[in-house]
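In: Only the shape, not the letters, is given here:
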């Protein structure tokens with residue numbers, strides 16, 4: 001059976017389309033599919049994806065990595081692309097199209113960008129409600145929630161008003177990267193901030209908590225631009241939303257003396273592997289403190 005499939009004459013590009021369809025049928029979220037797609041476009045600049053899968057060798061993959069290194073891609077980018085390639089090659093192997101294996105590129109651990117305490121103090125300063133626009137107030141609330149929970153941008157965009165349980169001081173996020181429900185605990189200050197915000201936001205339980213000026217769900221780019229503009233308006237040059245997640249992890253581990261297992265639950269990681277990554281990159285700061 002394997003030999004028959006390997007004689008089908010399918011190219012890497014054609015098989016990758018089948019790979020994406022397979023992932024979609026198994027419930028992969030749109031963000032994951034989009035990431036796979038754009039990663040493969042980047043990979044095609046360093047690997048001939050028009051060749052037949054039966055012609056692919058381990059040497060092709062090693063040459064691909066070397067091409068990426070020569071192209072001065074960051075080690076984290078090379079690793080991200082190689083992880084996508086590994087998933088694709090493993091799928092091809094399981095489907096009987098090839099018998100080669102591929103390991104993801106091992107990048108150097110780098111310190112993730114985080115917001116300083118001075119920057120957070122500026123960003124968390126409450127705007128004057130009588131004079132500011134709703135968008136600025138909304139962005140201030142979003143930044144507060146990002147700092148307090150460390151959740152992803154996709155989670156922020158998909159929280160609905162009905163997901164908030166003020167009595168138990170939690171938000172039940174049903175749209176997450178791994179498609180598992182995430183319970184976000186809220187401190188008393190965050191509860192007060194959200195309660196006040198909803199007096200201005202209004203809306204019904206089915207409405208998105210953070211909306212645009214038309215009351216609709218914020219787009220991925222809309223949220224990114226909103227936070228970037230908010231930060232710049234306050235003189236903070238960093239604009240990364242994901243940096244708030246790194247900041248949360250760092251504060252939890254260093255300032256709160258938190259443990260990896262609890263951090264795993266708070267960040268919504270499926271396994272402890274990624275959480276251990278956070279612990280490793282902030283290890284020098286923990287030692288210093």
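Out: Thanks, I have it. Because the structure is predicted, anything quoted here is derived from the model rather than measured.

In: can you give me the helices in this protein?
Out: All helices of the chain, identified by DSSP state H, fall at 2-6, 12-25, 30-43, 58-70, 75-94, 117-123, 134-149, 153-158, 188-201, 220-233, 242-254, 260-267, 272-281, 283-288.

In: Could you find the closest non-adjacent residue to residue 50?
Out: Distances taken as CB to CB, 6 or more residues apart in numbering place residue 11 nearest to residue 50, at 5.3 Å, with adjacent residues excluded. The C-beta positions use only the backbone N, C-alpha and C, and glycine is treated the same way.

In: Kindly state the pLDDT recorded for the one you found?
Out: We note a pLDDT of 95 for residue 11 in this prediction.

In: what's the burial count for residue 164?
Out: Neighbours of residue 164 under the rule other CB atoms under 10 Å: 21.

In: hey, what's it bridged with?
Out: residue 171 (DSSP bridges).

In: Just to check, it is in contact with residue 194?
Out: Yes - Residue 164 is in contact with residue 194 according to CB atoms under 8 Å; the separation is 6.3 Å.

In: Need the helices of the chain in JSON lines (columns: distance to residue 211 and mean neighbour count).
Out: Shown next, in JSON lines, are those (distance: least, CB to CB, whole Å; neighbours: other CB atoms under 10 Å):
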{"stretch": "helix 2-6", "distance to residue 211": "49", "mean neighbour count": "12"}
{"stretch": "helix 12-25", "distance to residue 211": "28", "mean neighbour count": "16"}
{"stretch": "helix 30-43", "distance to residue 211": "20", "mean neighbour count": "15"}
{"stretch": "helix 58-70", "distance to residue 211": "40", "mean neighbour count": "15"}
{"stretch": "helix 75-94", "distance to residue 211": "31", "mean neighbour count": "18"}
{"stretch": "helix 117-123", "distance to residue 211": "21", "mean neighbour count": "14"}
{"stretch": "helix 134-149", "distance to residue 211": "8", "mean neighbour count": "20"}
{"stretch": "helix 153-158", "distance to residue 211": "10", "mean neighbour count": "20"}
{"stretch": "helix 188-201", "distance to residue 211": "7", "mean neighbour count": "14"}
{"stretch": "helix 220-233", "distance to residue 211": "10", "mean neighbour count": "16"}
{"stretch": "helix 242-254", "distance to residue 211": "20", "mean neighbour count": "20"}
{"stretch": "helix 260-267", "distance to residue 211": "25", "mean neighbour count": "16"}
{"stretch": "helix 272-281", "distance to residue 211": "30", "mean neighbour count": "15"}
{"stretch": "helix 283-288", "distance to residue 211": "37", "mean neighbour count": "10"}
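
In: Among these, single out whichever gets nearest to residue 104.
Out: If you check each of the helices of the chain against residue 104 by CB to CB, helix 75-94 wins as the nearest, at 4.5 Å.
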